[in-house]
Structures are given as structure tokens and as C-alpha cells.
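Novice: Structure here, sequence nowhere to be found:
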């Protein structure tokens, strides 16, 4: 994970909230199986939301000396995030495509790092998709960027409608991918393989 900003997660406060939640469920948080649960849950949510305190743009540093000007795609980047409506995790795959301009490319792992930073926040999938695309478009200044995310949401599979296996697909398309349907179609065919 990248350098974090000054804000700090209050693990004790999260643990206190989990303890209250357990009591609200009619559980005894002091029984043997639950004694450390508030602290474990606090650590879990701290890890799942650590991207809230990270600047994703620090990963967008063009590599010197390269002149690649064809489409670059990194697909099947595993992501895990937390639905801000239910505090329930969602997991899936992120696919990032961009067309460099002026030889400005980034290391391939940096694309995965950017997806990770934005995923590790309280999120909705639609905003997550847009944040990744817009940040790359603004900071790298490519000809175009396309981000597609496919995810399964536990807030939809374990509660409410209860539809395990339902996949939500979102996309953000900027620049040349938006202007030229052939370029967009080429990227989608390469992502879908």
C-alpha cells in the first residue's frame, strides 16, 4: 500500500461499536468464542478501508524513455471493497485499459495498485469504477482510459434479494475509448478474451 495520509483509524472505537452490535443481537460479547471478536472485526475493517488514507495518484509516475503508443490492458485484477450502504464486502475483478499518449506509460503493477487503493474504501461499485478511470485519465493524460469492474456483492447475496452468483458489471469510458466505438470494442474483446 502507498504512503498514507495523517488520518488514523480508531481501532478501539470500532471494537466498541462491534461489542454494542453483538449485545444488540442478544449475544454475550464476553463468552469464550466472542471475547476477541470486536478487536478482530476492527482489524478486518481497518484493513478493508486502509485506502481511505492513501493518495492513489502517487502511483501514477510515467516511466522514462519509453514510447509505447498502443493499447495497454491489465485484466482480472482481484479487488475487495466494502459497500458503504451495508458495510458488507464485495469482491471481483477489475480490468483497466489505456492508450498512452506521448510515450507516458506506467508500470503494470501500478494499475493494480491504483485499483487497490480505491477499492480499499467505503464504496459503491459505480464510483469505484469512475475514480480509477478518472484518476488515470487526469494524471497520465492518455488518449483514452476504460475501466470495467465485475463484482459480487454480499449485501445482495446474503440479505435482501438473496441472489448468490449475481454479478454487477460497471464501466467507465473516457477519451478515445468513448469517441471511437471500434477502439472500445477492441478493448472489450481483449478483456473478455
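Specialist: Nice, I can see it. Since this is a predicted model, take the numbers as computed values, not measurements.
Novice: Distance-wise, check the spatially most central residue of the chain relative to residue 128.
Specialist: The C-alpha lying nearest the average C-alpha coordinate of the chain belongs to residue 119 (Cα atoms, centre = their mean; 2.1 Å). Residue 119 sits 6 Å away from residue 128 when distances are taken as Cβ to Cβ, to the nearest Å. C-beta: built from backbone N, CA, C; applies to glycine.
Novice: Residue 154 too?
Specialist: Per Cβ to Cβ, residue 154 is found 15 Å from residue 128.
Novice: Who has more neighbours out of these two?
Specialist: Between residue 154 and residue 128, counted using other Cβ atoms under 10 Å, residue 128 has the larger neighbour count: 24 against 15.
Novice: My read is that that one contacts residue 116, right?
Specialist: No. Between residue 128 and residue 116 no contact is recorded; they are 10.9 Å apart, counting by Cβ atoms under 8 Å.
Novice: Now do the shared contacts for those two.
Specialist: Shared contacts of residue 128 and residue 116 (Cβ atoms under 8 Å, 6 or more residues apart in numbering): residue 79.
Novice: Please enumerate the strands of this structure.
Specialist: Under the criterion DSSP state E, the chain contains strands at 72-83, 89-99, 122-123, 144-153, 168-175.
Novice: For residue 37, which of those is the nearest?
Specialist: Proximity to residue 37 (Cβ to Cβ) singles out strand 89-99 among the strands of the chain, at 16.7 Å.
Novice: now the angle between strand 168-175 and the closest one, please.
Specialist: 30 degrees (axes from the mean of the first three to the mean of the last three Cα atoms, to 10 degrees).
Novice: remind me which residues of the protein are low pLDDT?
Specialist: 1-7 (pLDDT under 70).
Novice: Perfect, I'm done here.
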